[in-house]
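**Student:** Sharing a model that was predicted from the sequence below.
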Number of protein chains: 2
Amino acid sequence: MEVKKIFLPESEMPRQWYNIMADMPTPMEPPLHPGTGQPVGPDDLAPIFPMNLIEQEVSQERWIDIPEEILEKYAIWRPSPLYRAYALEKYLDTPAKIYFKNEGVSPAGSHKPNTAIAQAYYNKVAGTKRICTETGAGQWGSALAMSCALYGLECKVYMVKISYNQKPYRRLMMETWGATCVASPSTETKAGQTILEQDPESPGSLGIAISEAVEAAVTGENSKYSLGSVLNHVMLHQTVNGLETQKQMAIAGDYPDVVIGCAGGGSNFAGNCLPFVRDKIHGKEIDIIGVEPSSCPTMTEGPFAYDFGDTVQMTPLLPMHTLGHNFVPAPIHAGGLRYHGMAPIISQLILDNLIRPVAVHQMETFQAGVTFARTEGFISAPECNHAVAMVIREAIKAKEEGKEKVILFNWSGHGLVDMAAYQAYFEGRLSDYPLPEEDIKRALADIEPLPKPKQYRAGTI
Amino acid sequence: MEVKKIFLPESEMPRQWYNIMADMPTPMEPPLHPGTGQPVGPDDLAPIFPMNLIEQEVSQERWIDIPEEILEKYAIWRPSPLYRAYALEKYLDTPAKIYFKNEGVSPAGSHKPNTAIAQAYYNKVAGTKRICTETGAGQWGSALAMSCALYGLECKVYMVKISYNQKPYRRLMMETWGATCVASPSTETKAGQTILEQDPESPGSLGIAISEAVEAAVTGENSKYSLGSVLNHVMLHQTVNGLETQKQMAIAGDYPDVVIGCAGGGSNFAGNCLPFVRDKIHGKEIDIIGVEPSSCPTMTEGPFAYDFGDTVQMTPLLPMHTLGHNFVPAPIHAGGLRYHGMAPIISQLILDNLIRPVAVHQMETFQAGVTFARTEGFISAPECNHAVAMVIREAIKAKEEGKEKVILFNWSGHGLVDMAAYQAYFEGRLSDYPLPEEDIKRALADIEPLPKPKQYRAGTI
């Protein structure tokens, strides 16, 4: 019988995260202070993040030790299994070998705990008693809630009100893990009060929820703020995934020609692909593909520019691909991919031609997800279906070209708490939401692109 | 770092199921034909089950080979990990070692696919094109839907109407896997039509849904019926779990003093414990505990008697602990434990003092589940919380007695699709539903207990 899953023993779990900052061919542009326009220093960030995480945010060290106390919690689900998708290959009648890393085995059902556990731990060490965060659909909030429970920290989650009302299961997961979850805008913060005065019926937004969480962190006793994607230290923590995958691919005796992941803020994609980007910098030929929704084409249509991470302009200006912080994506079901920006690390790697972005339509992603469920068994999160759709395209291309390609993708999480999205698909209520050119133009009108940094060419280092 | 999870490589997956019929100290009573009162023969069952499964139902062979085609599908999630619950132990400050087998890693999130895969395969081999079944809360229906998808069979699920309306996520899982799911009573069967004529607003029941599924199987072309618990062949398929667990416990260097599982129809409990019951028959001292809700105390209050498996009296009469086929359990959230009967194999083993039944209140189970989630990370299904509650009792007892006990339990599935139950708990809407003595008396009034078979004493073989 052929081996379906490749496991690593816990003793083979990576003991260090990989920091790609040490290997990036083009140095990263610094984040800028929104008031002064000057590069942000550690002291600027100290009111919202603990210093140990700020150090990781700016570190240039290639390898950063994973503390024993984090490894112990990672062991709840890590190392996660690497799968060979034999049944999907057979169904597609492709000569390609398809592998996927199953990050859905965590208790929260996604890759998010990779950084949630780390952030909770570093906060605990730094003396934080309470972590505040925002969440949209709830995947991040639930991961942080679990992590805080495991380290005995309080957790406060501002959940976008419309999701709070529409998606009670994620909220209930947070409460089961002991977090306090409130609908945002709330009356608990000045930011929330201001919004509610203007519009008592406000459905909330991620931008508002960020403002509330940051305010609660800054004004609360022993409180800090936590972000689930975009930032460098989040990408760092996620690399435990890709490092495991490299060991597992070696056991399988294969090396990927194509590495695929969906990308919203960039964290699951980064986690799996960055160790492979390193190999590519050192000469390996790999096509590394970030997949985004065509309704929110940050990487494929957004310029590389300084922009706010949030809609209410509280965060530092980040150098990234962006559709502008006022961009409101269509209501697609992949909530985790509805973000106007992209992690600066991923953005820079796109500029350097180390990562190739592709946008796919919503309908194609659900078709792909249903095919995957009926062959491989697992029901994917709507975000993850973007990766699956691209995998199917690549597998069909391999067949047409008669090539024995090795395709690897990151299966970032299951969709069992997202079945309403599948319902909309089955009932024919989904739209592709293609973005008309004039909408893109309008979205980009306010953004002043950065002068394009010197481009890196693969293989020159 | 201590090892948290014990994995087996796929090459170590059991190649045979264990059939306890070969080792039972008291021979099983035969099922009886509802019309004639005579023992049921294979031909009586042929219209509803394929002959290969009927053979397994009556087999006395100790070991039955698992076909390669089933192992290949089992490999999607099997062997499942065995966990050491260090964090729960620490929280309880107990000298006991607590292990749990995580059956929640299957794509359907529970142990049910262990038999669903097998039944789909044997049906396919026998030429069945379509499998019909019923489902209450949807755990069984979704497992069978997935299994049929993987083998390319049609799947028709009659889902109790009240659940169909209240629990759309499970239904949507079935549809994602390509099954047709209809609310029962439906207009598609005579049984459904009859009920609807009497009561157009009928919320349905498991009994009605069984009638519809059996009718659809018997009258449909190349159609068979499938049951997810109670029957001998279901228990057989589930033993892959316990056989894995025994290998994993050996790797851990421990052997359980206590084995715990929740029991509704008996299948997840049997799957984990039957190989240990075998050891007990051969002299091992183990306390093997089946946990049921105090609102549906089949094992602890129901006599051992011949009774129907369904409320509409279509099935053969089965020798089992039963509260009577007319018993309507309180609306507790552990839908999988709301069954009036108990698998004949488990029932006989209780009589033989090889299994000890215990009933727990609903509130205690949710308290236990929340404790488990906040220490070990995983959110359990409400059924599974019954096992967790008993584990906590035993761990506290071990502390009081100062004993270094080894406790093993079967974590039968996650609760991510059951969060409404946790909501009711948090909102104080749960009741313990203790069953008044007169209700038990009334329930048992119609049941004529079987003459108690000769009791077996542990250690005499």
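**Tutor:** Nice, I can see it.
**Student:** how near is the residue positioned nearest the centre of chain A to chain B?
**Tutor:** The residue lying closest to the centre of chain A (C-alpha atoms, centre = their mean) is A:Ser267, at 3.0 Å. Per C-beta to the nearest C-beta, to the nearest Å, A:Ser267 is found 20 Å from chain B. Backbone N, C-alpha and C define where each C-beta goes, glycine included.
**Student:** Let me know whether that residue touches A:His111 as I believe.
**Tutor:** Yes. Between A:Ser267 and A:His111 a contact is recorded at 7.1 Å, counting by C-beta atoms under 8 Å.
**Student:** Can you check which residues contact both of the two?
**Tutor:** A:Gln238 (C-beta atoms under 8 Å, 6 or more residues apart in numbering or on different chains).
**Student:** doesn't A:Ile289 fall inside a strand?
**Tutor:** Yes. According to DSSP: H, G, I helix; E, B strand; the rest coil, the state of A:Ile289 is that of a strand.
**Student:** quick one on the thing from earlier: what's the neighbour count on the closest residue to the residue nearest to the centre of chain A other than its chain neighbours?
**Tutor:** Nearest residue to A:Ser267, sequence neighbours excluded (C-beta to C-beta, 6 or more residues apart in numbering or on different chains): A:Ser229, at 4.2 Å. Using other C-beta atoms under 10 Å in any protein chain shown, A:Ser229 has 24 neighbouring residues.
**Student:** cool, and A:Gln193?
**Tutor:** Neighbours of A:Gln193 using other C-beta under 10 Å come to 14.
**Student:** From chain B, how far out is it?
**Tutor:** In this view, A:Gln193 and chain B are 27 Å apart by C-beta to the nearest C-beta.
**Student:** Now A:Met174: closest residue in space that isn't a chain neighbour?
**Tutor:** Closest to A:Met174 by C-beta to C-beta, 6+ apart is A:Ala145, at 4.0 Å.
**Student:** I figured the one you found hits A:Gly178, correct?
**Tutor:** Yes. Using C-beta under 8 Å, A:Ala145 is in contact with A:Gly178, at 7.0 Å.
**Student:** wouldn't A:His237 be in contact with A:Trp17 here?
**Tutor:** Yes. With contact defined as C-beta under 8 Å, A:His237 counts as touching A:Trp17 (6.1 Å).
**Student:** Give me the common contacts of A:Ala145 and A:Gly178.
**Tutor:** Joint contacts of A:Ala145 and A:Gly178 (C-beta under 8 Å, 6+ apart) are A:Cys155.
**Student:** between those two, who's got more neighbours?
**Tutor:** Neighbours were counted for A:Ala145 and for A:Gly178 using other C-beta under 10 Å; A:Ala145 has more, 34 against 17.
**Student:** how much space between the more buried one and A:Asn102?
**Tutor:** 22 Å (C-beta to C-beta, to the nearest Å).
**Student:** which other helices and strands contact the strand or helix carrying A:Asn52?
**Tutor:** Assigned by DSSP states H and E, A:Asn52 belongs to helix A:51-58. Here helix A:51-58 touches helix A:42-45, helix A:113-125, helix A:232-252, going by 3 or more C-beta pairs under 8 Å, 6 or more residues apart in numbering or on different chains; DSSP states H and E.
**Student:** quick one, what contacts the residue of the stretch 201-350 of chain A found nearest chain B?
**Tutor:** In the stretch 201-350 of chain A, the residue that lies nearest chain B is A:Ile251 (10.9 Å; C-beta to the nearest C-beta). Listed by C-beta under 8 Å, 6+ apart, the contact partners of A:Ile251 are A:6, A:8.
**Student:** tell me the SS of A:Met320?
**Tutor:** Per three-state DSSP, A:Met320 ends up strand.
**Student:** which residues touch it?
**Tutor:** Taking C-beta under 8 Å, 6+ apart, one finds A:230, A:304-305, A:307, A:341-344, A:347 in contact with A:Met320.
**Student:** And A:Met419, by the same measure?
**Tutor:** Per C-beta under 8 Å, 6+ apart, neighbours of A:Met419: A:379, B:168-169, B:172-173, B:176, B:417.
**Student:** Between which two of those is the distance greatest?
**Tutor:** A:Ile379 and B:Pro168 (14.2 Å; C-beta to C-beta).
**Student:** more neighbours, these two?
**Tutor:** A:Ile379 (28 against 15).
**Student:** So the more buried one sits against A:Thr371, correct?
**Tutor:** No. The criterion here is C-beta under 8 Å, and A:Ile379 misses it with A:Thr371 at 11.6 Å.
**Student:** State the number of residues packed around A:Asn222.
**Tutor:** Residues near A:Asn222, counting by other C-beta under 10 Å: 12.
**Student:** Could you do the one 5 residues further on as well?
**Tutor:** Neighbouring residues of A:Leu227 were enumerated by other C-beta under 10 Å; the total is 25.
**Student:** pLDDT wise, what is it at?
**Tutor:** According to the prediction, A:Leu227 has pLDDT 96.
**Student:** What's the ChimeraX syntax to select whichever of the contacts of A:Met419 are buried?
**Tutor:** To isolate in ChimeraX the members of the contacts of A:Met419 that are buried, counting by 16 or more other C-beta atoms under 10 Å in any protein chain shown, one can use:
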select /A:379 /B:169,172,173,176,417
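**Student:** Among the contacts of A:Met419, which ones are in helices?
**Tutor:** Cross-referencing the contacts of A:Met419 against helices under DSSP state H gives B:168-169, B:172-173, B:176.
**Student:** List the buried residues in the lowest-mean-pLDDT helix or strand in chain A.
**Tutor:** The least trusted helix or strand in chain A, going by mean pLDDT, DSSP states H and E, turns out to be helix A:437-444, with a mean of 81. Applying a neighbour-count criterion of 16+ other C-beta under 10 Å, one finds A:440, A:443-444 buried in helix A:437-444.
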